[in-house]
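Q: structure for this input, please:
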Amino acid sequence: MLGSIRRIVRLLRQSDRDAEKRTGLSGAQLFVLRELREAGGALTPGELSRHTLTHQSSVSGVVRRLSDAGYVRRARSPADGRRVELSLTSSGRAKARRAPKLAQQQLISAIDLLPAKQRAALARGLLQLTQKIGIGAEPPPMFFEEGAAVAK
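A: Just a heads-up that it's a prediction; the model follows:
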């Protein structure tokens, strides 16, 4: 089992390095750009969080760096001024189009292919594992995004 965890972590780390080398953005940043592109329009931060299967606080840091770099636009919703909507700029769309396939997308797709009972068992097992090692309560960051910078 530990071997499988190591292989998954290695795949994720290598994918992140390759993405950064090819595009100047981390895998998490490209993942957010791709999810915004696939949504086809504006998403609220909460909606983006659900699309990326990540806690909203983690997504907000990635979005802030992408916004600062000119890839993501934040705007008040024309329908409801209390809502903030996120959308891609033209350079963000171009970056998302050229983005390589990411390991985290492969991982999500593979998990989605598991039967529902196996997915539920995997989720329970991983939750118990994180709780046993004392990291079950904190919101998890996006893969390899702790303090990441963004390149233009």
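Q: list the buried residues for the longest helix seen in the chain?
A: If you go by DSSP state H, the chain has its longest helix at helix 2-23. Residues 12, 15, 16, 19, 20, 23 are the ones in helix 2-23 that count as buried (16 or more other C-beta atoms under 10 Å). C-beta coordinates here come from the backbone N, C-alpha and C atoms, glycine included.
Q: show me what it packs onto, helices and strands only.
A: Counting contacts by 3 or more C-beta pairs under 8 Å, 6 or more residues apart in numbering; DSSP states H and E, helix 2-23 packs against helix 27-39, helix 103-113.
Q: TSV please, covering the ones you listed and showing mean neighbour count, mean pLDDT and distance to residue 90.
A: Listed next are these as TSV, based on neighbours: other C-beta atoms under 10 Å; pLDDT from 0 to 100; distance: least, C-beta to C-beta, whole Å:
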stretch	mean neighbour count	mean pLDDT	distance to residue 90
helix 27-39	24	91	12
helix 103-113	14	90	23
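Q: dump those helices to a markdown table, plus distance to residue 140.
A: Below are the helices and strands packed on helix 2-23 laid out as a markdown table (distance: least, C-beta to C-beta, whole Å):
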| stretch | distance to residue 140 |
| --- | --- |
| helix 27-39 | 11 |
| helix 103-113 | 12 |
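Q: of these, which is nearest residue 86?
A: helix 27-39 (6.4 Å; C-beta to C-beta).
Q: can you give me the angle the closest one makes with helix 2-23?
A: Interaxial angle, helix 27-39 versus helix 2-23 (axes from the mean of the first three to the mean of the last three C-alpha atoms, to 10 degrees): 80 degrees.
Q: and helix 27-39, how far out from the chain middle?
A: Mean-position distance between helix 27-39 and its chain equals 7 Å (C-alpha atoms, centre = their mean, to the nearest Å).
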